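> quick one: sequence plus predicted model below, questions after.
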2 protein chains.
Amino acid sequence: MDGLTEMLKGTLEGCVLEIIGSEETYGYAITRRLNELGFADVVEGTVYTILLRLEKNGLVQVTKRPSGLGPPRKFYALNDAGREELATFWAKWEYITSRIDKLKEGGR
Amino acid sequence: MDGLTEMLKGTLEGCVLEIIGSEETYGYAITRRLNELGFADVVEGTVYTILLRLEKNGLVQVTKRPSGLGPPRKFYALNDAGREELATFWAKWEYITSRIDKLKEGGR
DNA sequence: CCTGGTACTCGGTATCACCAAGTACCACTA
DNA sequence: TAGTGGTACTTGGTGATACCGAGTACCAGG
């Protein structure tokens, strides 16, 4: 399945929020997680730009820790604003999917 | 519900395809249809750019007809390529929603 | 050493929806 | 007959987002 990229616009950031929200983790691992979830062609560069944005928008708390097998990792955790943003994301997701499913059912 | 715009990226075009696929129709009516479906802040300009793109990509057949209460309408119908594109869109949609729902369930 | 896996950064590009303003056609009304 | 409002399409520019590619750096094992 390819060419998903355009459809992920706006949702990928929410996915990253969800992942961070369930466990404090770092960019490289998030990328792997997304890949194994089925978003195979999401690459590191994309995830890092999202993480930078989250940080810039004050939704996460960042902690740098040594890795042992590579450069130090930047661990991300949600703060209150981040949790709120995550809830908003899921609300929007529900809304959109319900409308589109209705459209698909031929709802008129 | 606002701020849906970014999340609609890539899906709005599919919605328009679906609407056209179910009935030959025109831009203004498509906008109204999307609005009543719950995509309240989708405006005409947006729909027209999508229609132009569909036409440019050879997914639709266009017929101009007089309106009676305004300027002539451009009616859009799917051609074979358009129907194929629509099927692809739904396949992608299924794929993405299933993955994201899995993520939401805490699937790990 | 040197290859390969881990881990982050940065500059540029393409796509897509939005916005704003404009054109134009018609019916109704004052 | 001038004005208003609804219908209908066009166009040029903007902003957000994900992608791509190249680069830096650290470490372990052969």
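Happy to help now that I have it.

> what is the longest helix along chain A packed up against?
Scanning chain A for the longest helix, with DSSP state H as the assignment, gives helix A:80-104. When contacts are defined as 3 or more C-beta pairs under 8 Å, 6 or more residues apart in numbering or on different chains; DSSP states H and E, helix A:80-104 packs onto helix A:12-22, helix B:5-8, helix B:12-22, helix B:27-37, helix B:80-104. Backbone N, C-alpha and C define where each C-beta goes, glycine included.

> buried sites along the least confident helix or strand in chain A by mean pLDDT?
Across the helices and strands of chain A, mean confidence by mean pLDDT, DSSP states H and E is lowest for helix A:5-8: a mean of 90. Within helix A:5-8, the residues that count as buried by 16 or more other C-beta atoms under 10 Å in any protein chain shown are A:7-8.

> that one packs against which elements?
Other helices and strands packing on helix A:5-8, by 3+ C-beta pairs under 8 Å, 6+ apart, are helix B:80-104.

> now do the helix it packs on against helix A:12-22, angle only.
Interaxial angle of helix B:80-104 relative to helix A:12-22 (axes from the mean of the first three to the mean of the last three C-alpha atoms, to 10 degrees): 10 degrees.

> list the contacts of helix B:80-104.
With C-beta atoms under 8 Å, 6 or more residues apart in numbering or on different chains as the contact definition, helix B:80-104 has outside contacts at A:1, A:3-4, A:7-8, A:11, A:15, A:18-19, A:37-39, A:90, A:93, A:97, A:100, A:104, B:11, B:13-14, B:17-18, B:20-21, B:54, B:57-60, B:78.

> mind giving me the PyMOL select for those, buried ones only?
Buried residues among those (16+ other C-beta under 10 Å), as a PyMOL selection:
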select buried, (chain A and resi 4+7+8+11+15+18+19+37+38+39+93+97+100) or (chain B and resi 11+13+14+17+18+20+21+54+59+60+78)
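
> kindly report the residues of chain A close to DNA strand D.
A:4-5, A:8-13, A:41-46, A:49-50, A:53, A:68-71 (C-beta under 7 Å from any atom of the strand).

> hmm, which of those residues are the buried ones?
Buried, going by 16+ other C-beta under 10 Å: A:4, A:8, A:10-13, A:42, A:46, A:50, out of the residues of chain A next to DNA strand D.

> circling back: in the longest helix of chain A, what counts as buried?
For helix A:80-104, by 16+ other C-beta under 10 Å, it's A:82, A:85-86, A:89, A:92-93, A:96-97, A:99-100, A:103.

> ok, which pair from the residues you listed is furthest apart?
Farthest apart among those by C-beta to C-beta are A:G82 and A:L103. That separation is 31.5 Å.

> ok, A:V16 to A:R53 distance?
Counting by C-beta to C-beta, to the nearest Å, the separation of A:V16 from A:R53 is 9 Å.

> with A:W90 instead?
19 Å.

> circling back: what subset of the residues of chain A next to DNA strand D is also close to DNA strand C?
A:9, A:44-45, A:49, A:69-71.

> shouldn't A:R65 be in contact with A:F75?
Yes. The criterion here is C-beta atoms under 8 Å, and A:R65 meets it with A:F75 at 5.9 Å.

> kindly report the residues of chain A close to DNA strand C.
So chain A meets DNA strand C at A:6, A:9, A:26-29, A:44-45, A:48-49, A:51-52, A:67, A:69-74 (C-beta under 7 Å from any atom of the strand).
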